[in-house]
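Peer 1: After the sequence you'll find the predicted model.
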Amino acid sequence: MILIRRFALVFWVGLFSPIATRAADDVRPVVDAAKVREEKPVEATLPTFFIVGDSTVKSAGQLGAYGWGERVAPYFDPKKINVVNHAIGGRSSRTFFTEGRWERTLAQMKAGDFVIIQFGHNDGGRIGDPTAKGRPSGRGTGPETVEDTKRDGTKEEVHTFGWYLARYVSDAKAKGVTVILVSPIPHKDRWETGRDFAGHAQWTEEVARAGGALYFDLTLVISASYQRIGKDKVGTFFSDRGTHTNDEGARFNAARVIEGLQALRGNPLAAYFSAAP
């Protein structure tokens, strides 16, 4: 009983964390899935580069926002690889799993494919808080769980952030897919005073190492680029108070994602990049 209580405390910490505070700064709606066209590989005989994440990866122009996942396709040769973006706004590592989105993504995968996964923006907050819209995952990478009573009265066993990522890694690798985990893109101003998403970056890297996935710290890759160009320019990259990028910001971040992919050990996607974006 004591151990269970300790595990529960790990989950409830974070209500007043920087991540939870940031959640109140920007409106982050849960996108109506019925209005999102589900993408599929165009050429079944080619390998596919799958993209999984939240609205910072795919916003589809809502309120002027676009995610980096919507601007990476030009960096790949369509004659050699498909690019399929399954990211959707308002989802966390938890809800992408519980809504069956991961299951449907996995069903499209085959040996030789790739998947890049970015979560964290919607994973903070307190489990059970109705304003969090059922999205928070537990902190850390352990096996502990917390039971959450949802608005309709049903119960959900909520796992840690790392548990969900580890499930994604093991499921995809079992199908012969190369998995790439990345930390979240930074907010507009956080990079000026310190690193953003320190906890989620650490947990993502831990899962990658333990599960045999590839990893790069996208938070720091983009932050370093923001530092080079300065806050005035960075300020023009966002469509809201500081979470979602506009088209220019999405293109800038997409280029940073490609830099991170090309720097991975062995550059596994080297054969599939286009000559020029």
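Peer 2: The structure has been received and is ready for your questions. For clarity, every value in this text was computed on a predicted model and none was experimentally measured. Numbering: from 1, shown residues only.
Peer 1: Show me the residue sitting in the middle of the chain in space.
Peer 2: residue 118 (2.0 Å; Cα atoms, centre = their mean).
Peer 1: Next up, the contacts around the residue nearest to that residue when sequence neighbours are not counted.
Peer 2: Spatial nearest neighbour of residue 118, excluding adjacent residues (Cβ to Cβ, 6 or more residues apart in numbering): residue 53 at 4.1 Å. Every C-beta, even on glycine, is put in place using the N, C-alpha and C of the backbone. Applying Cβ atoms under 8 Å, 6 or more residues apart in numbering to residue 53 gives the contacts 67, 69, 87, 91, 117-119.
Peer 1: Closest to residue 240 out of the residues you listed?
Peer 2: Each of these was scored against residue 240 by Cβ to Cβ, and residue 67 proved nearest at 12.8 Å.
Peer 1: Identify, by residue count, the longest helix of this protein.
Peer 2: As assigned by DSSP state H, the longest helix anywhere in the chain is helix 247-262.
Peer 1: Can you list the buried residues in it?
Peer 2: 249-258, 260-261 (16 or more other Cβ atoms under 10 Å).
Peer 1: Identify, from the residues you listed, the entry nearest to residue 171.
Peer 2: Using Cβ to Cβ, residue 261 is the member of those that lies nearest residue 171, at 21.2 Å.
Peer 1: Touching, that closest one and residue 180? I think so.
Peer 2: Yes: using Cβ atoms under 8 Å, residue 261 is in contact with residue 180, at 7.1 Å.
Peer 1: Name the residues contacting each of the two.
Peer 2: Shared contacts of residue 261 and residue 180 (Cβ under 8 Å, 6+ apart): 116, 216.
Peer 1: got the contact list for stretch 59-73?
Peer 2: With contacts defined as Cβ under 8 Å, 6+ apart, stretch 59-73 is touched by 31, 36, 51, 53-58, 83, 85, 87, 89, 185, 239-240, 244-247, 249-251, 253-254, 256-258.
Peer 1: hey, where'd the strands end up in the stretch 1-150 of the chain?
Peer 2: Using DSSP state E, counting those that start in this stretch, the strands of the stretch 1-150 of the chain run over 48-53, 82-85, 114-118, 146-149.
Peer 1: Can you check which of those gets nearest to residue 169?
Peer 2: Closest approach to residue 169 among the strands of the stretch 1-150 of the chain (Cβ to Cβ): strand 114-118, 8.3 Å.
Peer 1: pull the CA atoms of that closest one into PDB?
Peer 2: Extracted C-alpha coordinates of strand 114-118, given in PDB (Å, rounded to 0.1, in the frame of the first residue of the first chain):
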ATOM      1  CA  PHE A 114      10.600   4.300 -40.400                       C
ATOM      2  CA  VAL A 115       8.600   6.200 -37.800                       C
ATOM      3  CA  ILE A 116       9.400   9.400 -35.900                       C
ATOM      4  CA  ILE A 117       7.500  10.100 -32.700                       C
ATOM      5  CA  GLN A 118       7.200  13.400 -30.800                       C
END
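Peer 1: now that strand: mean pLDDT?
Peer 2: Mean pLDDT, computed over strand 114-118, is 99.
Peer 1: what angle do it and strand 48-53 make?
Peer 2: Counting by axes from the mean of the first three to the mean of the last three Cα atoms, to 10 degrees, strand 114-118 lies at 10 degrees to strand 48-53.
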